[in-house]
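1. This is the structure alone, sequence omitted:
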């Protein structure tokens, strides 16, 4: 409809013979285009539009607190007759209890209602629910409030501060989330959009206050193509974007100091990644099984855990910072196309488990680029010597932290580098010998 996909088995619909699909549209002009593309070779598999109808079926009520049920029954025989409800006036807990009895409701317009929240579990599991309009003034969408409904679009008012855990979990038909400019949104809790496989657009450009995105928040949002994270985000949960298989671009907040466990694991189309300027910690598997081709780890990073780039089979170039506090272990596990590794450390990093474990790539075929004065250190190291082509970099870092014993041999010269600061690390030790 109007060029936007609204019905497809790819976003969770699966209807048999004689069943129907319905949606709610605002007044306007619409162009309907039916596209049939059967990718399964079965002669008896077909689909077509048999009938198309437009109905106007709103029940409109103006209420004072606690009167929703009475006002509905002044217009309908029984509560179950209500399919589309438009409410104006202030609602209280008694009114929400009446809403729970509207078993055939599939659309609710609260744009003129006075509420501060959608209660926890309010529409949880309502398979018919497709349409919701939220009012200005709402502060919170409760936990589990729309889980496993068929909501297709969501407009978040500027007043909303929090989206509860599991709020839209399993809403496979949710295609678009629009966030108002000057948004007050601060928190997206764990699992909030988990399994929204049809979600392809969520624009955070008007969001400047959000601080927290919880665990699994966008897990398996398989149609989401990019995510530009506001720089206000300082807390990001593990697995938050795992299996967002269509995502090609991820820009992390510059105020994040860590990438949590498996945050973008199995984002198999992800190529364009902006790492935070203040990044310090890269935790287990955070960018594993992605399509990243080249990565420069910021000099601020001090911890790189196992499996960070596991199974990144497009990765050919990786550059490590001058100092990492932990030992290297399986960082590039099963990365079979590595051509170049740049290691800015003046001392060969300690390797506790092969950084290329389970990779078919021979170390002798990989170019290792290191500070020119440290080539001999790497050639004599019991792990790094295995790289057959060790070359000197043109530039060297301005700051080095000595974590291991470092020796400058007789032929070592540091040319024209009076501003180089070599820092002793009292925690890790290390001996500097000339």
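-> Received the coordinates, thanks. As the structure is a prediction and not an experimental result, all values here were calculated from the model.

2. What ranges does the stretch 51-200 of the chain have for its helices?
-> For the stretch 51-200 of the chain, the helices defined by DSSP state H, counting those that start in this stretch occupy 68-73, 93-99.

3. most packed of those?
-> Mean neighbours per residue, mean count of other CB atoms under 10 Å, is largest over the helices of the stretch 51-200 of the chain for helix 68-73, with a mean of 18. The way it works is simple: take the backbone N, C-alpha and C, and place the C-beta from them, glycine included.

4. Tell me which residue lies nearest the centroid of the protein.
-> By CA atoms, centre = their mean, the chain has its centre lying nearest to residue 241, at 3.1 Å.

5. State the distance from that one to residue 165.
-> 16 Å (CB to CB, to the nearest Å).

6. Could you tell me which ranges of the stretch 1-150 of the chain sit under the pLDDT cut-off?
-> Counting by pLDDT under 70, the stretch 1-150 of the chain contains low-confidence ranges at 7-21, 36-49.

7. redo that, cut-off 50
-> By pLDDT under 50, the low-scoring segments of the stretch 1-150 of the chain are 10-15.

8. what's the answer for the stretch 201-350 of the chain, then?
-> In the prediction, the stretch 201-350 of the chain carries no residues with pLDDT under 50.

9. Please verify my assumption that residue 347 contacts residue 376.
-> No: applying CB atoms under 8 Å, one finds residue 347 not in contact with residue 376, separated by 11.7 Å.

10. So between these two, which is more surrounded?
-> Taking other CB atoms under 10 Å, residue 347 and residue 376 do not tie; residue 347 has more neighbours (23 against 15).

11. which stretch of helix or strand covers that one?
-> Following DSSP states H and E, one finds residue 347 outside all helices and strands.

12. swap in the one 5 residues further on?
-> With the criterion set as DSSP H and E, the secondary-structure element containing residue 352 is strand 351-353.

13. Show me which residues of whatever helix or strand comes next after that strand are buried.
-> Following strand 351-353 in sequence order, the next helix or strand is strand 367-370 (DSSP H and E). Using 16 or more other CB atoms under 10 Å as the test for burial, strand 367-370 gives 368, 369, 370.

14. Excluding chain neighbours, what is closest to residue 209?
-> The shortest distance from residue 209 to any non-neighbouring residue, by CB to CB, 6 or more residues apart in numbering, is to residue 186 (5.4 Å).

15. Please apply the same query to residue 116.
-> Closest residue to residue 116 apart from its sequence neighbours, by CB to CB, 6+ apart: residue 139 at 4.9 Å.

16. show me where the stretch 151-300 of the chain has strands.
-> Secondary structure of the stretch 151-300 of the chain, counting by DSSP state E, counting those that start in this stretch: strands at 153-156, 162-163, 176-179, 187-188, 201-202, 212-213, 226-228, 235-236, 249-251, 258-259, 272-274, 281-282, 294-296.

17. Nearest to residue 62, out of the ones you listed?
-> For residue 62, the closest of those is strand 153-156, at 22.4 Å, according to CB to CB.

18. Could you tell me which residues within that closest one count as buried?
-> Using 16+ other CB under 10 Å as the test for burial, strand 153-156 gives 153, 154, 156.

19. quick one: contacts for the last one?
-> This means residue 156. Contacts for residue 156 were tallied using CB atoms under 8 Å, 6 or more residues apart in numbering; they are 134, 163, 177, 178, 179, 180, 183, 185.

20. If we use 7 Å, what do you get?
-> Applying CB atoms under 7 Å, 6 or more residues apart in numbering to residue 156 gives the contacts 177, 178, 179, 180, 183, 185.

21. Next one, pLDDT for the residue nearest to residue 209 please.
-> As predicted, residue 186 sits at a pLDDT of 97.

22. can you check residue 417 too?
-> Residue 417 is assigned a predicted lDDT (pLDDT) of 52.

23. residue contacts, residue 275?
-> Contacts here follow CB under 7 Å, 6+ apart; on that basis residue 275 touches 252, 298.

24. try 8 Å this time
-> Contact analysis of residue 275 by CB under 8 Å, 6+ apart lists 252, 259, 295, 297, 298.

25. cool, and residue 209?
-> Residue 209 makes contact with 183, 184, 185, 186, 232 under the criterion CB under 8 Å, 6+ apart.

26. The residue nearest to residue 116 reaches residue 162, doesn't it?
-> Yes: contact status for residue 139 versus residue 162: in contact at 7.0 Å, counting by CB under 8 Å.

27. neighbour count winner among the two?
-> Set residue 139 next to residue 162 and count neighbours by other CB under 10 Å: residue 162 wins out with 19 against 13.

28. now the more buried one, which residues is it bridged with?
-> Residues in a beta bridge with residue 162, per DSSP bridges, are residue 140, residue 187.

29. of the contacts of residue 156, buried ones?
-> Looks like those have 177, 179, 180, 183, 185 buried, using 16+ other CB under 10 Å.

30. Can you add distance to residue 130 and give these back as TSV?
-> Formatted as TSV, the buried ones among the contacts of residue 156 follow (distance: CB to CB, whole Å):
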residue	distance to residue 130
177	15
179	20
180	21
183	24
185	23
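
31. Out of these, which comes closest to residue 222?
-> Using CB to CB, residue 177 is the member of the buried ones among the contacts of residue 156 that lies nearest residue 222, at 15.1 Å.
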